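Chemist: got a structure for you, letters missing:
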């Protein structure tokens, strides 16, 4: 698989995660807690997709590295918010567990990409 093929496939993966995250938040009961948690989680989970797309279209290695750093940060934040949901009374626990597994996988993959770029850049 070429880098371009991987990037396209992984971009689809991050988009699917964002869409499933949207559906999860829409399924939550509306109250002050779920509004705050849902908003925060949606910002981070959808940002994984948008910033990975930006990473794929980067014009330089510096820009590429900066974008993947944002993706890693947003994936980690998504994991954090899902852990809060996991320990709360809000949301379908099966869906939360699936999203948490997915967010953790996205975090691991993007962290690996970041580490590889760092080694290329700084030896």
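Modeler: Arrived safely. Just so we're clear, the structure is a prediction, and the values are computed from it rather than from any experiment.

Chemist: and residue 118, how far from residue 5?
Modeler: Distance from residue 118 to residue 5, counting by Cβ to Cβ, to the nearest Å: 23 Å. Placement of C-beta: from N, CA and C, glycine included.

Chemist: comparing those two, which residue is more hemmed in?
Modeler: residue 118 (13 against 9; other Cβ atoms under 10 Å).

Chemist: residues near residue 111, how many?
Modeler: Neighbour count of residue 111, defined by other Cβ under 10 Å: 16.

Chemist: so it is in which element?
Modeler: helix 93-122 (DSSP states H and E).

Chemist: pLDDT of that helix, averaged?
Modeler: The predicted model assigns helix 93-122 a mean pLDDT of 94.

Chemist: in it, what counts as buried?
Modeler: By neighbour count, with 16 or more other Cβ atoms under 10 Å as the criterion, the buried positions of helix 93-122 are 95-96, 99-100, 102-103, 106-107, 109-111, 113-114, 117.

Chemist: tell me where this structure has helices.
Modeler: For the chain, applying DSSP state H gives helices covering 3-26, 32-56, 61-86, 93-122.

Chemist: quick revisit: redo the buried residues of helix 93-122 as CSV? Include distance to residue 22.
Modeler: Shown next, in CSV, are the buried residues of helix 93-122 (distance: Cβ to Cβ, whole Å):
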residue, distance to residue 22
95, 12
96, 15
99, 11
100, 16
102, 14
103, 14
106, 16
107, 19
109, 21
110, 20
111, 24
113, 24
114, 26
117, 29
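
Chemist: residue 10: which of those is nearest?
Modeler: residue 109 (7.0 Å; Cβ to Cβ).

Chemist: ok, the closest one to residue 53 distance?
Modeler: Distance, residue 109 to residue 53, using Cβ to Cβ: 15 Å.
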